[in-house]
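Peer 1: Just need the structure, nothing else, for what follows:
(chains A and B, ligands or ions: 1)
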Amino acid sequence: MEAFTTHTGIGVPLRRSNVDTDQIIPAVYLKRVTRTGFEDGLFAAWRKDETFILNHPAYAAGSVLVAGADFGTGSSREHAVWALMNYGFRVVLSSRFADIFRGNSGKQGLLTAQVAQDDIELIWKYLENEPGSSVTVDLVSRTVTAGDIVAPFEVDDYTRWRLLEGLDDISLTLRHEQDVTDFEGRRPAYKPSTTVG
Amino acid sequence: MGVSRVRTSGDGAVSRAPESNAEEVGDVSGTLAEKVWESHVVRRAEGEPDLLYIDLHLIHEVTSPQAFDGLRLAGRKVRRPDLTLATEDHNVPTTPGPITDLVSRTQVETLRRNCEEFGVRLFPMGDAEQGIVHVVGPQRGLTQPGMTIVCGDSHTSTHGAFGALAFGIGTSEVEHVLATQTLPLKPFKTMAINVDGTLQPGVTAKDIVLAVIARIGTGGGQGYVLEYRGSAIRALSMEARMTVCNMSIEAGARAGMIAPDETTFDYLRGREHAPEGEQWDGAVQDWKLLRTDEDAVFDEEIHLDADTLTPFVTWGTNPAQGLPLGDSVPDPEALGDDNEKAAARHALEYMGLTAGTPLRDIRVDTVFVGSCTNGRIEDLRAAAGVVKGRQVAQGVRMLVVPGSARVRLQAEEEGLDEIFTAAGAEWRLPGCSMCLGMNPDQLAPGERSASTSNRNFEGRQGKGGRTHLVSPLVAAATALRGTLSSPADLADEGVDADVDAGVGASKERS
Ligand code: SF4
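Peer 2: A predicted model of the protein is given here:
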């Protein structure tokens, strides 16, 4: 997982609340066997509408999604995070995230930054008035900067540490690889092997 | 925190034996589940979940593709291919020929490529060792007491019948185990399910577990590892014990376990992956310690009387909505709280049933004998014993799907296939089949089945399909009479069924 310290990219104002995971990526895309290539399924239903924000050329290359409250509710599919990241998003700003979505995001390296709704409104206005403008998200100082707006955001310490270090679940365990190797040395010899017998 | 690391007895003394060595199996006082847990802790740190070592990782085509893809993206390898085994089961057709469904075929082909690339042993379709992942592990002797076993499939609890701690995991955990052979795990609570007494003829392991689930509910086991105990459990064969543990997940439990005993050792001795010679003796010594200590305390305990159990069937759309076959479809208004009432009303509507109808009057279209719950040789013997020399009722389709290629071969050696086909049943190739209808074996909308599988959820066996969960004996009798029945109902008609099959402590090989 790539380490995250600070990110600057085009901000996308998504004026919707209660965006659930089925809207982020509809169930029909779940039959795939890869972890990449889900960008075509991101917000698939909405993207059929020409006026949808990502269909606006100025926002199409966005990497900071600025969404309404309660982002990521619904089924726990990890594909929702993959779809956002495959598309190119590194950060989602919202005043409230669904727990499971936030957990899945932290594990995959997508920053879910919790920003007060008043600040979300200000950033929305700024991005709508100046389409294609950049937003800077600094995980070290926990601040979002968009034009003149400087807003603090919340992220729990553990997730922040993991993102700063670029540690996914597996990397975390591999920090203790010696313990695993030591344990393997103590396993009884009679334990079965799938390749012998 | 459910896993008590070191127990304190009444007088405040730690009940760990003084000569004990923390690295060895079974030296910590506690329940069976706690002992297996303790012997697999790789790392323990304050405020963090224990990191547990995984002895066996089973893989199939549905939940593994993204895990392998994740490894590839991160440039990681499979740490222990020698503790990993893959089978093709969920999608495979049970009639000869290739997979026609594109998604299914892609999943199977992806598994093959992944196993090749990462060096994982695979039993593909057509292989003599192929079968449902939870049938293959035990029949090869890979499932042994005291092991930790995981698979991206909730019915991994099956393996607990050997005194292993076995549970289902999600795709990201599959990736974690592939890469590290470990899992960080949250502790669980323990529940004793005591089943004492003697089962009546015609009453089987399936009836025990359906009764347990009806008793504690689909959420009753949430957060628990269940340990099945008592004389009725001890009297069960290994295959019957697997049926019981298999369905633990339907009560919401993480896992189900049964302490190993002579029945377990007899089953294992001589199988491909079982230890041999001195190693066998050493293993058995360790395995004998795998039992809940007298002074250990369960977080929860329930009792069931085996003598009064009768064949059990489900009437609704979750496995807890079950009743003795002699009862009638319940009146939703007479059930528990508002939630339960609403669920029952909804279930009856979906199932097309009216309150008060005797369960025995319910007519079925299809009978399915198979799955990781009841697709083993003893199950097929039990069903064959009932249909032998008789005919499947007019208008009823009976599907018999062995759990593995080996079960199929064994059944054919015993002539069971001929008994089934002579009765008018279909004899199929091994796989998950109608248990979940991912392959062409499905119910049509509105069709009703008596099924030996484990889930009666809406649409599980096909869109709009209606499922009644039953034992193999009930399935077979139902196929003959066309309505939900037990072999005893056949006896009433002057036919005497071999109702003991599959119930006793059979030590037959599968
Ligand atoms: S038989 Fe059914 S429950 Fe068992 S592994 Fe296959 S699909 Fe899952």
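Peer 1: okay, now the residue in chain A positioned nearest to the ligand: neighbour count?
Peer 2: Residue nearest to the ligand within chain A: residue A:31 (16.4 Å; C-beta to the nearest ligand atom). Yep, even glycine has a C-beta here, placed from its N, CA and C like the rest. Other residues near residue A:31 come to 12 when the count uses other C-beta atoms under 10 Å in any protein chain shown.
Peer 1: how close does the nearest residue to it once chain neighbours are set aside sit to residue B:400?
Peer 2: The shortest distance from residue A:31 to any non-neighbouring residue, by C-beta to C-beta, 6 or more residues apart in numbering or on different chains, is to residue B:103 (4.8 Å). According to C-beta to C-beta, to the nearest Å, residue B:103 stands 26 Å off from residue B:400.
Peer 1: and these two? which has more neighbours close in?
Peer 2: Between residue B:103 and residue B:400, counted using other C-beta under 10 Å, the more crowded position is residue B:400 (33 against 13).
Peer 1: burial measure for residue 152, as a count.
Peer 2: Using chain A. For residue A:152, using other C-beta under 10 Å, the count is 13.
Peer 1: oops, I was thinking of chain B
Peer 2: 23.
Peer 1: so it sits right up against residue B:68, yeah?
Peer 2: No - here residue B:152 does not reach residue B:68: they are 11.4 Å apart, not a contact under C-beta atoms under 8 Å.
Peer 1: Quickly note the distance from the residue nearest to residue A:31 to the ligand.
Peer 2: As judged by C-beta to the nearest ligand atom, to the nearest Å, residue B:103 and the ligand stand 16 Å apart.
Peer 1: ok so that residue is a helix residue?
Peer 2: Yes - under DSSP: H, G, I helix; E, B strand; the rest coil, residue B:103 sits within a helix.
Peer 1: Partner strands of the helix or strand where residue B:191 lies and their direction?
Peer 2: Element membership of residue B:191 [criterion: DSSP states H and E] is strand B:189-196. With DSSP bridges as the test, strand B:189-196 is paired with strand B:224-229 (parallel), strand B:300-305 (parallel).
Peer 1: Just name the most buried of those strands.
Peer 2: Ranked by mean neighbour count, the strands paired with strand B:189-196 are led by strand B:224-229 with a mean of 28 (mean count of other C-beta atoms under 10 Å in any protein chain shown).
Peer 1: Quick one: distance of the helix or strand following that one to the chain centre.
Peer 2: Sequence-wise, the next helix or strand downstream of strand B:224-229 (DSSP H and E) is helix B:231-234. Offset of helix B:231-234 from its chain centre (C-alpha atoms, centre = their mean, to the nearest Å): 18 Å.
Peer 1: With stretch B:120-128 instead?
Peer 2: The chain centroid and the centroid of stretch B:120-128 are separated by 21 Å under C-alpha atoms, centre = their mean.
Peer 1: what do you get for stretch B:236-247?
Peer 2: With C-alpha atoms, centre = their mean, you get 7 Å for stretch B:236-247.
Peer 1: coming back round to it: including mean pLDDT and distance to the ligand, could the strands paired with strand B:189-196 go into TSV?
Peer 2: As requested, the strands paired with strand B:189-196 are arranged in TSV below (pLDDT from 0 to 100; distance: least, C-beta to the nearest ligand atom, whole Å):
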stretch	mean pLDDT	distance to the ligand
strand B:224-229	98	17
strand B:300-305	97	23
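Peer 1: In JSON lines, list these along with distance to residue A:134.
Peer 2: Supplementary listing: the strands paired with strand B:189-196 in JSON lines, determined by distance: least, C-beta to C-beta, whole Å:
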{"stretch": "strand B:224-229", "distance to residue A:134": "51"}
{"stretch": "strand B:300-305", "distance to residue A:134": "56"}
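Peer 1: now for those, which one comes closest to residue A:47?
Peer 2: Nearest to residue A:47 among the strands paired with strand B:189-196 is strand B:224-229; the distance by C-beta to C-beta comes to 44.4 Å.
Peer 1: which residues sit against the closest one?
Peer 2: Strand B:224-229 is contacted from outside by B:2, B:31-33, B:165, B:188-195, B:241, B:244-245, B:248, B:251, B:253-259, B:292, B:298-300, using C-beta atoms under 8 Å, 6 or more residues apart in numbering or on different chains.
Peer 1: Using the three-state scheme, assign residue B:137.
Peer 2: helix.
Peer 1: That one contacts residue B:147, correct?
Peer 2: No - assessed by C-beta under 8 Å, residue B:137 is found out of contact with residue B:147, at 9.9 Å.
Peer 1: Pick out whichever of these two has more residues nearby.
Peer 2: Neighbours were counted for residue B:137 and for residue B:147 using other C-beta under 10 Å; residue B:137 has more, 29 against 24.
Peer 1: residues near the closest residue to that one other than its chain neighbours, how many?
Peer 2: Setting aside the residues directly before and after it, residue B:137 is nearest to residue B:143 in space (C-beta to C-beta, 6+ apart), at 4.5 Å. Residues within reach of residue B:143, counting by other C-beta under 10 Å, total 31.
Peer 1: a strand runs through residue B:143, doesn't it?
Peer 2: No - using three-state DSSP, the assignment for residue B:143 is coil, not a strand.
Peer 1: how close does it get to residue B:229?
Peer 2: Applying C-beta to C-beta, the value for residue B:143 to residue B:229 is 20 Å.
Peer 1: next one: residue B:255
Peer 2: Residue B:255 is 15 Å from residue B:229, where distance means C-beta to C-beta.
Peer 1: Ok, residue B:106 next?
Peer 2: 44 Å.
Peer 1: if you skip the residues just before and after it, what's nearest to the residue most central in space within chain B?
Peer 2: The centre of chain B sits closest to residue B:246, judged by C-alpha atoms, centre = their mean, with a distance of 2.0 Å. Excluding the flanking residues, the one nearest residue B:246 by C-beta to C-beta, 6+ apart is residue B:158, at 4.2 Å.
Peer 1: Residue B:53 is in contact with residue B:184, correct?
Peer 2: No - applying C-beta under 8 Å as the test, residue B:184 and residue B:53 come out as separate, 11.6 Å apart.
Peer 1: More neighbours: these two, which one.
Peer 2: Shown here are residue B:184 and residue B:53; by other C-beta under 10 Å, residue B:53 has more neighbours (24 against 17).
Peer 1: tell me the contacts of the more buried one?
Peer 2: By C-beta under 8 Å, 6+ apart, the contact list for residue B:53 reads A:180, A:183-184, A:187, B:40-42, B:148, B:181-182.
Peer 1: and it, bridged to which residues?
Peer 2: If you apply DSSP bridges, the partners that residue B:53 bridges to are residue B:182.
Peer 1: Residue B:222 reaches residue B:249, doesn't it?
Peer 2: No - with contact defined as C-beta under 8 Å, residue B:222 does not reach residue B:249; the gap is 10.6 Å.
Peer 1: and the stretch 251-400 of chain B, which of its residues are near the ligand?
Peer 2: Residues of the stretch 251-400 of chain B lying close to the ligand by C-beta under 6 Å from any ligand atom are B:371-372.
Peer 1: Near chain A, which residues of the stretch 251-400 of chain B? Just list them.
Peer 2: Contact residues, the stretch 251-400 of chain B versus chain A (C-beta under 8 Å from any C-beta of the partner chain): B:272-275, B:279-280, B:282-283, B:286.
Peer 1: does chain B sit close to stretch A:181-190?
Peer 2: Yes - Stretch A:181-190 comes into contact with chain B (C-beta under 8 Å from any C-beta), by way of A:183-184, A:186-190.
Peer 1: show me where chain A has helices.
Peer 2: A:21-24, A:44-47, A:79-87, A:99-108, A:117-129, A:157-165, A:169-174, A:177-186 (DSSP state H).
Peer 1: Mean neighbour count for those helices - can I get that in TSV?
Peer 2: What follows is the helices of chain A, written out as TSV (neighbours: other C-beta atoms under 10 Å in any protein chain shown):
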stretch	mean neighbour count
helix A:21-24	20
helix A:44-47	14
helix A:79-87	24
helix A:99-108	20
helix A:117-129	17
helix A:157-165	15
helix A:169-174	19
helix A:177-186	13
